[in-house]
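Novice: mind looking at a prediction? Sequence and model below.
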Amino acid sequence: MPETTPTADPLPRIGFGTAALKGRHGAETIAEALRTGYRLIDSAFNYENEGAVGAAVRSSGVPRDELIVTSKLPGRHHAHAAALESVEESVYRTGLDHLDLYLIHWPNPSQERYVEAWEALIEARERGLVRAIGVSNFLPEHIDRLVEATGVTPAVNQVELHPYFPQDEQRAYDASRGIVTEAWSPIGRANEMLRDPLLTRIAEGHGVSVAEVILAWHARLGVLPLPKATASERQRQNLAAIDLELTDADVEAIASLARPDGRTHDQDPAVYEEF
Ligand code: A2P
């Protein structure tokens, strides 16, 4: 049996996305989210906001050991030494003494180095720089290679996932291996999905917003959504949504919204790469 790498504690059911939240204003927005009750913060080396995340953690007043602070390794640093250096730099930028979860941001298959990056993250975990390690945007074939090469299964796989792109196969794969599926752009980057007629009808039936219906749907599927919201009222609304109970009929109807080309920005990890 391959070794699995569960996080020290079970993860919360929802986290807070921080892409584009930077500087003093970003730090205040993230600290507000922590005070509102979010306990998992998602960041990345490439968001250039790990400093703001660290400042938010310190100013929030929330005990450090209640928080899961996440960052991600950029594609240009998959080589072993560069990957380890990036993890060290991420930790340094936050001003914290460790991070709780560190993910490979994209597999970038053409580089052929994600297994090497994974070996570096295993070492970073052994050194205590990070508590748990995982991946983002990995397809089953990519995860299979990591496990074959190292025997270590990622704790988390963070992928694009929302009602137009529910990732049934990837979710089933992750679940069968004990991998937590996290969702980026869980409300579809607030595009036309928030005006979808079916979702609007369901939302009206429950007396809530479409965003709340979508986040409740994630929870029902066992997916951990990472919505970003600037306004504190939206932060509160999104957090509360996780306790909204959808009916079986709601969930069945939402399944009909899936589209083969449902990705919002055509970012298929088999071919799309980020550095
Ligand atoms: P803002 O940051 O201005 O509050 P996603 O997480 O799917 O990438 O989407 C993030 C976008 O969704 C942001 O533009 C955010 O706006 C918006 N958003 C977050 N929560 C809500 C909500 N409850 N209702 C409407 N829009 C929301």
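Specialist: Perfect, I can see it now.

Novice: switch to C-alpha atoms for all contacts and neighbour counts from now on
Specialist: Noted.

Novice: which secondary structure element contains the residue lying farthest from the centre of the chain?
Specialist: Distance from the C-alpha centroid of the chain peaks at G205, with 29.2 Å (C-alpha atoms, centre = their mean). Using DSSP states H and E, G205 falls within helix 197-206.

Novice: please enumerate the strands of the chain.
Specialist: Taking DSSP state E as the test, the strands found in the chain are 3-4, 16-17, 40-42, 68-73, 99-104, 130-136, 152-153, 156-160, 180-184, 224-225.

Novice: most tightly packed of these?
Specialist: strand 224-225 (a mean of 29; mean count of other C-alpha atoms under 10 Å).

Novice: what packs against it?
Specialist: Here strand 224-225 touches strand 180-184, helix 210-221, going by 3 or more C-alpha pairs under 8 Å, 6 or more residues apart in numbering; DSSP states H and E.

Novice: now these as CSV including distance to the ligand and mean pLDDT?
Specialist: Listed next are those as CSV, based on distance: least, C-alpha to the nearest ligand atom, whole Å; pLDDT from 0 to 100:
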stretch, distance to the ligand, mean pLDDT
strand 180-184, 6, 98
helix 210-221, 5, 98
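
Novice: what does the chain have sitting close to the ligand?
Specialist: Within the chain, the positions adjacent to the ligand are 185-190, 211, 227-231, 234, 237-238 by C-alpha under 6 Å from any ligand atom.

Novice: ok, those vs E50, which is closest?
Specialist: K228 (15.4 Å; C-alpha to C-alpha).

Novice: count of residues packed around that closest one?
Specialist: Close neighbours of K228, defined as other C-alpha atoms under 10 Å, add up to 26.

Novice: for the protein, give me the ranges with low pLDDT.
Specialist: 1-9 (pLDDT under 70).

Novice: mind listing the helices for it?
Specialist: Secondary structure of the chain by DSSP state H: the helices cover 23-36, 50-60, 80-94, 114-126, 140-150, 168-176, 197-206, 210-221, 232-241, 248-255.

Novice: quick check: angle from the third one to strand 68-73?
Specialist: Going by axes from the mean of the first three to the mean of the last three C-alpha atoms, to 10 degrees, helix 80-94 is angled at 140 degrees with respect to strand 68-73.

Novice: now do the fifth one
Specialist: Counting by the same axes, to 10 degrees, helix 140-150 points 90 degrees away from the direction of strand 68-73.

Novice: how about the first one?
Specialist: What separates the directions of helix 23-36 and strand 68-73 is an angle of 140 degrees, with the same axes, to 10 degrees.
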